[in-house]
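1. here are the coordinates; sequence isn't available:
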């Protein structure tokens with residue numbers, strides 16, 4: 001029989017055996033409140049994280065918009081890929097799976113990146129403090145507003161709507177809209193934000209004694225400016241069909257771009273003769289362009305069988321052609337674009353204007369040309385107002401469909 005002393009000596013090594021550290025920490029599923037650290041402020045947003053049979057999936061939430069994004073978990077790291085953009089959130093899972101800390105990273109071409117600190121906590125809470133009182137306190141902000149951004153001489157239009165516990169809205173400009181904005185209105189103070197994987201926006205404003213709004217607009221990691229607004233139910237933007245005009249002397253058939261396989265793509269070979277056409281100048285980095293691409297993808301089957309040809313000419317960030325072509329291919333596959341897309345060049349508007357000398361200037365992405373079957377240009381539309389604009393978007397879709405019918409009928 002072993003003595004008590006010998007038994008104790010045998011137990012001590014076992015008691016001292018180190019416990020191996022955990023090799024993984026799963027994030028909690030459900031609603032998450034997130035924010036990006038920006039100079040002088042934070043840009044809040046929300047997402048849902050769910051388990052699926054083959055892994056994970058996340059959904060960015062802005063107002064009535066839910067954007068599905070790919071999610072991958074490995075050890076202590078959660079990666080969210082914001083398709084169809086070159087954009088990721090990479091975060092460490094902490095605090096038992098209810099906290100995330102990391103970075104939002106977006107590639108901008110030529111090795112440049114946007115990097116912003118990212119944080120999130122698990123749980124369903126209002127996007128902004130005070131949002132729960134939005135519907136029942138303070139003067140109303142709902143309506144149509146004439147907006148002036150400090151950096152732009154042309155006015156914009158703000159459209160805001162009250163819903164229980166939140167305010168929704170967007171801003172319309174001659175370039176397009178500012179996406180689905182969501183926030184709060186409490187005591188005469190407005191907060192709105194949006195994160196869609198491509199852009200991070202925040203708008204703050206306070207109403208003065210005359211009912212005017214004034215505050216700051218923040219975008220990404222570098223931009224901020226003053227904006228003001230006054231209620232104006234009749235305010236309208238300039239006609240988007242009147243902002244861009246034809247430039248004499250150039251012919252579409254003389255232009256040569258780059259196919260997705262890297263080979264030359266002469267338009268005289270791509271554009272079918274005696275065929276009505278829609279040509280879109282766009283960028284894969286541009287959410288308004290993605291909105292338009294989704295519309296054209298939806299319209300393509302019904303009009304293709306009636307003879308319509310659609311062609312996209314992409315102008316991309318940076319000047320690395322190999323990288324540009326790879327981004328276009330990923331974007332086209334992610335959105336399942338049914339019509340051909342080619343590379344036009346770099347995204348700088350001065351360079352794009354030189355590369356597409358058919359019009360007086362490339363003022364906005366997208367810019368859309370509607371051509372009759374004889375090759376004459378029926379109309380040019382500058383910018384794109386997406387579904388976040390509600391009735392304004394519906395009017396745009398109707399105008400596009402009417403124009404397509406017109407060029408198909410040759411009238």
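-> Great, that's in hand. Please read these numbers as outputs of a predicted model, since none were measured by experiment.

2. pull the distance from stretch 140-152 to the chain's centre.
-> Going by Cα atoms, centre = their mean, to the nearest Å, the spacing between the C-alpha centre of stretch 140-152 and its chain's C-alpha centre is 21 Å.

3. contacts for it next, please.
-> Applying Cβ atoms under 8 Å, 6 or more residues apart in numbering, the set of residues contacting stretch 140-152 from outside is 155-162, 167, 171, 173, 185, 190, 207, 213, 217, 225-235. Heads up, the C-betas are built off the backbone N, CA and C, glycines and all.

4. now list the buried members of those.
-> Buried residues within the contacts of stretch 140-152, counting neighbours by 16 or more other Cβ atoms under 10 Å: 155-160, 162, 167, 171, 173, 185, 190, 207, 213, 217, 227-229, 231, 235.

5. mind listing what's buried along stretch 315-326?
-> 315, 316, 317, 318, 323, 324, 325.

6. sec struct for the nearest residue to residue 178 once chain neighbours are set aside, please.
-> Computed as Cβ to Cβ, 6 or more residues apart in numbering, the closest residue to residue 178 that is not its neighbour in sequence is residue 171, at 4.2 Å. Of the three states, residue 171 takes strand under DSSP: H, G, I helix; E, B strand; the rest coil.

7. pLDDT score for residue 248?
-> If you check residue 248, the pLDDT there is 89.

8. residue contacts, it?
-> The neighbours of residue 248, taking Cβ under 8 Å, 6+ apart as the test, come to nothing; the list is empty.

9. roughly how far apart are residue 352 and residue 151?
-> Remark: distance between residue 352 and residue 151 (Cβ to Cβ, to the nearest Å) = 21 Å.

10. what helix or strand is residue 227 on?
-> Counting by DSSP states H and E, the secondary-structure element that holds residue 227 is strand 223-231.

11. could you report the neighbour count for residue 274?
-> In terms of burial, residue 274 registers 9 neighbours under the definition other Cβ atoms under 10 Å.

12. so residue 213 is in contact with residue 226, correct?
-> No - using Cβ atoms under 8 Å, residue 213 and residue 226 do not qualify as a contacting pair, with a distance of 11.2 Å.

13. poorly predicted segments of the stretch 101-250 of the chain, please.
-> For the stretch 101-250 of the chain, residues meeting the criterion pLDDT under 70 lie at 130-138.

14. tell me, what residue is most central in this structure?
-> Averaging the C-alpha coordinates of the chain gives a centre point, and the residue nearest to it by Cα atoms, centre = their mean is residue 287 (3.8 Å).

15. chain center to the helix or strand that the strand holding residue 227 is followed by: distance?
-> Secondary structure here is assigned by DSSP H and E; on that basis, the next helix or strand after strand 223-231 toward the C-terminus is strand 256-258. Strand 256-258 sits 27 Å away from the centroid of its parent chain (Cα atoms, centre = their mean).

16. what does strand 256-258 rub up against?
-> By Cβ under 8 Å, 6+ apart, the list of residues contacting strand 256-258 from outside reads 264, 265, 266, 267, 313, 321, 325, 342, 343, 344, 345, 355.

17. same check, this time on stretch 369-380
-> Outside of stretch 369-380, the residues within contact range by Cβ under 8 Å, 6+ apart are 241, 244-246, 252, 274-281, 307, 358-359, 367-368, 381, 403-404, 406-407, 410.

18. run the chain-centre distance for it.
-> Relative to its chain's centre, stretch 369-380 lies at 29 Å (Cα atoms, centre = their mean).

19. just want to know which of residue 352 and residue 151 has more residues nearby.
-> A count of neighbours by other Cβ under 10 Å puts residue 352 above the other of residue 352 and residue 151, at 21 against 10.

20. give the rounded mean pLDDT of the helix or strand that that one is a member of.
-> Secondary-structure assignment from DSSP H and E places residue 352 in helix 349-355. Within the predicted structure, the mean pLDDT of helix 349-355 is 96.
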